[in-house]
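In: My questions are about this predicted structure, shown below with the sequence.
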Amino acid sequence: MVVYLIYGSSALAMAAAGYFANSVRKVKVVGDTPEQEAKFKEISGAISEGAMAFLSREYQYVGVFAILFAAFMAFTLDHSSTTHINEGIYSALAFLIGAGTSSLSAFLGMKIATLGNVRTTIRAKKGLSEAFDVAFQSGAVMGFALIGLAVFGLITMCLVYGSFIVEHEILMELVAGFGLGGSAVALFGRVGGGIYTKAADVGADLVGKVEHGIPEDDPRNPAVIADNVGDNVGDIAGMGADLFGSCAEATCAALVIGATSAAITGSTFALYYPIIISAVGIPISLLTIFFAKLKADAKSAEPVLKNQLLISTVLMTIAMVIITKLWMVESFVINGLTITSNNVLTSLLAGLWSGLLIGYITEFYTSHAYRPVREVSEASKTGAATNIIYGLALGYKSSVIPVIAVTITVYISWMSAGMYGIAIAALGMISTIGIGLTIDAYGPVSDNAGGIAEMAELGKEVRDRTDLLDAAGNTTAAIGKGFAIGSAVLTALALFAAFLVSADMATLDLLSPLVFSGLLIGGVLPFLFTAQTMKGVGIAANAMIEEVRRQFREKPGILKGTEKPNHRRCVEISTSAAIKQMIAPGLLVMLTPLAVGYLFGVEALAGLLAGSLVTGLVMALASSNSGGAWDNAKKYIEAGALGGKGSEAHKAAVVGDTVGDPFKDTSGPSINILMKLMAILSLVFAPFFVANGGILVSLLTP
């Protein structure tokens, strides 16, 4: 019965994604005149072409990497002499399937988003609520397609491998390769997409808005198409792959830990309980969408979007209380700790509600409706330097309460259900991922709609409507990033716990030289990773700025409106730079745990993972929130405060926003994947490290 439930939920998710996609496609791309209609199709076609071209080219490189790494896994993880199967081959196959599934979900979300942006613009000519419906449905395609594919892939891997692998612990360790594949693709998608979008955004803002004083998304700006393309590849494909990885990895961690209990493996419902959590979240998310209605006279879409998170959390709480009471075994033992079904439920609810709290705290620090962002706006009156100083201070301060929330969640879940409780808490936080990703993907679609309205010269009334949608999207995007960071930490901690189980390490001695050294190295990794991604954006942005300046200089008719800018060249620059600059950060994350585990052993690797978690959480939160605050401080001034557009405060805020762009859309979100990917990589390779790791320590030990 449980298998049918999971497959049924997966089918429901895919059907919902198909329904919403069809609803978006039904909106006809028509204009008031043939010229306007042609312009709609030209602009949206250029954005779609650029987005899909980047994704195709990026995944060509990622595909080659995936095949090579799968071959490495097949060779390295072969323990057929003890288990009578080639574990390496099955882990490698799971890795490739996870990578392919993650790539597919990114493509699906990207495709419908580039169809939905122009249709949102067209509906904005009628009214705000009509435009909101299209943008929200476009985001829902990504939300439901992703979770549907994740649940389908996980249960299928368990059933297929379980048909010939009797040992549950080995089975779940092999299935963990699925999560590793999804996370590996997410790394390159997040970093590459983030570098692409911010190179274009910084180039468009600094040259267009600051140097020449032309509006945002002005069709005369050569980088404007690349900027709109970047919104999709960074915030839709990148975020989608990120949360796909979180779902797959947290589930794999719970499956690996749960498989060590005879009581859990003896019950199909209990064994697949981690997958059931995500499966139940699908109908809950679908039910929540019925409450996503914007009134015709509404002044903002923000309250409706925020209520989606609250409603889904309440409904999920009710559903999981019932499901856990009915299907979870009454009690079981893991590592000598007796755990009851109530303990499991407590862990799940702790993760679920702390995720909501982190979202609301993120909103407080990144929305210009509240004092923190307005202080950043006020600081802009004295220049860009004070704007940046205030933004940095806001980011550091904003990390305190979310860290406390994560700490309390970890304590409650650990005391309730040990390592298994942490994994369940991570799943609880992302159990409503269908809604979370829907409102996150809504943002880039609305942003693109505003750009198309500006480029098609639709007038102030339409642009005002799309700006209202975009303003709500900015806040919900910040909430989504905070939500993703919190879930990433719990997921990474769950994977860390699963790694300790797999490596047969009951305790970790912090005074051990190997462990403490690993802590220090792990602590500095997020900083090195951030340096690489930030510099990558800087290098790509430099090339973009020079190109935009060149076009303005060599073709003075562009600013006069008598010559057309070369948008395609800017798209090519962002694409090439992003692919080139994503390699070094990617290799850092993939190779570091392999090198440390092989050379220094599992103790040093455990220290490395713990250190990266501690500093990675704070740095990810501070970076994302500083960037979000800088963005909305600029939006607050553009709405008419402190002199409005063109004022000295506005110019300073634009500079702050360009500094914040790589913080919130490249480095901050990418640290999520650094934490998760290193943890699941360590989990998958744990048997190899136990058998062969620490060769350098052995050589140096007398």
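Out: Sure, I can see it. All figures in this text were calculated on a predicted structure; none of them were measured in a lab.

In: For the residue nearest to Leu508 when sequence neighbours are not counted, which residues are in contact?
Out: Of all residues not flanking Leu508 in the chain, Ala606 sits nearest, at 5.5 Å (C-beta to C-beta, 6 or more residues apart in numbering). All C-beta atoms are positioned from the backbone trio N, CA, C, and that covers glycine. By C-beta atoms under 8 Å, 6 or more residues apart in numbering, the contact list for Ala606 reads Phe496, Phe499, Leu500, Ala503, Met505, Leu508, Val515, Gly518.

In: Who wins on neighbours among these?
Out: Phe499 (29 neighbours; other C-beta atoms under 10 Å).

In: Determine whether the claim that it is in a helix is correct.
Out: Yes - going by DSSP: H, G, I helix; E, B strand; the rest coil, the assignment for Phe499 places it inside a helix.

In: ok, it - contacts?
Out: By C-beta under 8 Å, 6+ apart, the neighbours of Phe499 are Leu605, Ala606, Leu609, Ala679, Ser682, Leu683, Ala686.

In: Nearest to Val134, out of those: which one, please.
Out: Ala679 (38.4 Å; C-beta to C-beta).

In: now the residue found closest to that closest one once you drop the neighbours it is linked to in the chain: how far from Ile433?
Out: Leaving aside its chain neighbours, Ala679 sits nearest to Leu495 (3.6 Å; criterion: C-beta to C-beta, 6+ apart). Computed as C-beta to C-beta, to the nearest Å, the Leu495 to Ile433 distance reads 17 Å.

In: neighbour-wise, which of those two wins?
Out: Leu495 (35 against 28).

In: shouldn't that one be in contact with Leu681?
Out: No - the criterion here is C-beta atoms under 8 Å, and Leu495 misses it with Leu681 at 9.1 Å.

In: so what pLDDT did the residue nearest to Ala679 get?
Out: Note on Leu495: pLDDT of 86.

In: what residues are up against it?
Out: Glu249, Ala250, Cys252, Ala253, Lys676, Ala679, Ile680, Ser682, Leu683.

In: quick check, nearest of those residues to Val233?
Out: Lys676 (20.4 Å).

In: Secondary structure element for the nearest residue to the closest one once chain neighbours are set aside, which one?
Out: Spatial nearest neighbour of Lys676, chain neighbours left out: Ala492 (4.9 Å); criterion: C-beta to C-beta, 6+ apart. In this structure, Ala492 is located in helix 460-502 according to DSSP states H and E.

In: right, and the secondary structure at Lys564 would be what?
Out: Assignment for Lys564 (three-state DSSP): coil.

In: counting contacts, what elements does the strand or helix carrying Leu326 pack onto?
Out: Assigned by DSSP H and E, Leu326 belongs to helix 302-327. Judged by 3 or more C-beta pairs under 8 Å, 6 or more residues apart in numbering; DSSP states H and E, helix 302-327 is in contact with helix 273-289, helix 341-366, helix 433-455, helix 460-502.

In: Select from those helices the stretch with the lowest mean pLDDT.
Out: helix 460-502 (a mean of 81).

In: and the angle from it to helix 273-289?
Out: 170 degrees (axes from the mean of the first three to the mean of the last three C-alpha atoms, to 10 degrees).
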